[in-house]
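Peer 1: Quick one: sequence plus predicted model below, questions after.
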Amino acid sequence: MVPQYNIYGLAENLRGFRIPNNFSQTFWNAYNLENDQELDVNRHSVHPVYLETRYGNGSNNSSMSHGVYARNAHGQEWLMRDESITYRTIGGSFDLYFLSGSTPKEVISQYQSGIVNTPYLPAYWHLGFQQVRWSYQIWSNLQDVDDAYAAQNIQLEGLMSDLDYLNMNRDFTDNPGHYDIGPGKAFLDRLHANGQ
């Protein structure tokens with residue numbers, strides 16, 4: 001790297017926008033049990049891509065940029081030093097992608113469209129107002145919530161219950177006495193009839 005290089009990225013963690021030139025970042029592909037509050041510790045995921053920008057001298061405000069993405073699911077570490085960046089990993093197969101362009105936008109566009117791809121087009125109802133929470137307890141409570149939105153003339157596109165509809169949080173079960181199948185079918189039929 002050139003002296004005093006400028007790199008940004010290496011997400012997801014809490015830190016300033018520009019990454020210091022004398023800094024080490026360790027990533028583990030695991031959820032942070034400290035609830036995402038520790039500085040310089042990765043959060044929900046590992047997304048090791050950086051953008052380096054070299055700013056021109058003079059009045060034209062020009063810049064040159066490049067990026068590097070390291071795809072690897074194992075523990076890894078990035079060591080930023082005065083004139084170098086070192087990538088280390090504890091194993092696994094990995095791919096290094098090198099991206100170049102004259103502007104940060106060009107580099108990010110290559111990364112977005114050529115490597116991770118662009119976002120999908122969501123269903124229309126995804127864009128509307130949705131209500132979700134824990135502890136509705138029974139189907140009739142969900143119906144009361146839906147009715148309250150309708151009474152206030154607020155269009156509710158989606159109404160979701162959290163894990164409390166499951167029997168002891170087990171997948172593919174229903175909580176008997178709370179979320180029985182018969183009343184649930186009637187509730188869902190009414191939602192669907194309303195276009196929700």
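Peer 2: Here it is on my side, so go on.
Peer 1: buried residues in stretch 45-57?
Peer 2: Using 16 or more other Cβ atoms under 10 Å as the test for burial, stretch 45-57 gives V46, P48, V49, Y50, L51, E52, T53. The way it works is simple: take the backbone N, C-alpha and C, and place the C-beta from them, glycine included.
Peer 1: Report whether the expected contact of the first one with N29 is present.
Peer 2: Yes: because the distance of 4.9 Å satisfies Cβ atoms under 8 Å, V46 is recorded as touching N29.
Peer 1: list the residues that contact both of those two?
Peer 2: Shared contacts of V46 and N29 (Cβ atoms under 8 Å, 6 or more residues apart in numbering): A73.
Peer 1: just the buried residues of stretch 45-57 now: which is nearest T173?
Peer 2: V46 (32.7 Å; Cβ to Cβ).
Peer 1: Now the element after the helix or strand bottoming out on mean pLDDT in the chain, going C-ward?
Peer 2: The helix or strand of the chain with the lowest confidence, counting by mean pLDDT, DSSP states H and E, is strand 42-55 at a mean of 80. Tracing the chain C-terminally past strand 42-55 and defining elements by DSSP states H and E, one meets strand 63-71 next.
Peer 1: Report the backbone C-alpha coordinates of that next one in PDB.
Peer 2: Taking Å, rounded to 0.1, in the frame of the first residue of the first chain, the C-alpha atoms of strand 63-71 are listed here in PDB:
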ATOM      1  CA  SER A  63      -9.100  10.000  -6.900                       C
ATOM      2  CA  MET A  64      -8.300   6.500  -7.700                       C
ATOM      3  CA  SER A  65      -9.900   3.500  -5.900                       C
ATOM      4  CA  HIS A  66      -9.600  -0.200  -5.600                       C
ATOM      5  CA  GLY A  67     -11.300  -2.800  -3.400                       C
ATOM      6  CA  VAL A  68     -10.600  -6.300  -2.100                       C
ATOM      7  CA  TYR A  69     -13.200  -8.900  -0.900                       C
ATOM      8  CA  ALA A  70     -12.100 -12.000   0.900                       C
ATOM      9  CA  ARG A  71     -14.700 -14.700   0.800                       C
END
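Peer 1: Pull up the pairing partners for the least confident helix or strand of the chain, direction included.
Peer 2: strand 7-13 (antiparallel), strand 63-71 (antiparallel) (DSSP bridges).
Peer 1: ranking these by mean pLDDT, which is last?
Peer 2: For the strands paired with strand 42-55, mean pLDDT drops lowest on strand 7-13, to a mean of 82.
Peer 1: That one: which residues count as buried?
Peer 2: By 16+ other Cβ under 10 Å, the buried positions in strand 7-13 come out as I7, Y8, G9, L10, A11, N13.
Peer 1: can you tell which of the strands paired with strand 42-55 is closest to T118?
Peer 2: Counting by Cβ to Cβ, T118 lies closest to strand 63-71 out of the strands paired with strand 42-55; the figure is 15.6 Å.
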